[in-house]
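Chemist: what shape does this take:
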Amino acid sequence: MDLVFSTDGIEPSKRYAAWQGAICDVYVHVDVESDKRSDYHGFIREARFGTVTMTDVLLSEQRISRRGRHIAKLDKDCYYVEFVQYGKINILQSGQNLLSNASIGAIFSASEAYDLECVGKVRSLYLEIPRKEFAERFRKDRIPVARTIATGRGLGRIASEFCSMLALEGATLDAPARTRLGDELMDVLALTLELGEQDDLTADRTVQQVRLRSVKAWIEEHLEDPDLSLEKVAKNNGISLRHLHYLFRPTDMSVSEWIWDRRLQRCFEVLTRPELRPLSVTEVAYRLGFSSSSHFSTAFRRKFGISPSDLRRR
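Modeler: A predicted model of the protein is given here:
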């Protein structure tokens, strides 16, 4: 694959600015924000297979955004298909939040607004696929939208490994062979999306449910932490704050509401245990993260219909 840009050889303090100038403002037309600019690494390599463009990308932790002003500069209408080699990327587009990693790929529109959140360092293969040619491979009611692709099994694995092999061996092929392989790659991807849609949606829901249970278990272990915050929850579970909110979306509570509800439940349990009776109501409240005894009493009465003191006397 041909090297488009690399931060290697650039002074570390200048790498982030160089990446923005060479890539974000010219090559892909996006905005980038990073909290780790002093330790920035990245490269982009590119190969063309007919109308399909493949890029091999290394990204440092960052947030990437494409908005209307960027889309106005695009001269083509296309999809992105992403196969992550290592690391994690959250893709936000059209109200959806897609978690992409080494076992889950994703497809989304390059010609619509989106946000990408790179969690840690990420190595990924991207396919730029012309929308019109790709859409012709589907029935009109089945044209793909932003969604995930399970790459650990079946057709998703075949598509991902086909893409990896093209990245490794494509440079040795002549232009007609690359063009033909690009068409065949689109065929494989279309078949993967058409036949694997239901399995992928089920797998995605399962992953989200497992992740939510894991996050809830971590919160349960840290309910007594006075400095417990949503940022702390997200960081210690390896996800973005936006994705944390997304995990709780199917529940009937926000993250904050769920934390305070669990704290109230824990207070109820403590107040009804005889061996913990030496603890005053105020001590119980402060131990479970409440900074005001009056706020605690009000919230407790609202939830249980009885004041903490009355419960203790009973």
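Chemist: in a helix, that's where residue 157 is, yeah?
Modeler: Yes: when the secondary structure is assigned by DSSP: H, G, I helix; E, B strand; the rest coil, residue 157 falls within a helix.
Chemist: was I right to think it contacts residue 151?
Modeler: Yes: proximity of residue 157 to residue 151 meets the contact threshold set by C-beta atoms under 8 Å, at 5.6 Å. Heads up, the C-betas are built off the backbone N, CA and C, glycines and all.
Chemist: neighbour count winner among those two?
Modeler: For residue 157 versus residue 151, the count of surrounding residues by other C-beta atoms under 10 Å is larger for residue 151: 25 against 16.
Chemist: show me what contacts that one?
Modeler: When contacts are counted by C-beta atoms under 8 Å, 6 or more residues apart in numbering, residue 151 touches 83, 102-105, 157, 159-160.
Chemist: now do residue 1
Modeler: With C-beta under 8 Å, 6+ apart as the criterion, the residues that contact residue 1 are 45-47, 54-56, 167, 170-171.
Chemist: let's see that with 6 Å instead.
Modeler: Shown here is residue 1, whose contacts under the criterion C-beta atoms under 6 Å, 6 or more residues apart in numbering are 45, 47, 56.
Chemist: what distance do you get for the nearest residue to the first one once chain neighbours are set aside to residue 180?
Modeler: Spelled out, it's residue 45. Sequence neighbours aside, residue 1 is the residue nearest to residue 45 in space, at 3.8 Å (criterion: C-beta to C-beta, 6 or more residues apart in numbering). For residue 1, the distance to residue 180 (C-beta to C-beta, to the nearest Å) stands at 18 Å.
Chemist: for the spatially closest residue to residue 303 that is not a sequence neighbour, grab the count of nearby residues.
Modeler: Spatial nearest neighbour of residue 303, chain neighbours left out: residue 264 (5.3 Å); criterion: C-beta to C-beta, 6+ apart. Burial of residue 264, expressed as a neighbour count using other C-beta under 10 Å, amounts to 20.
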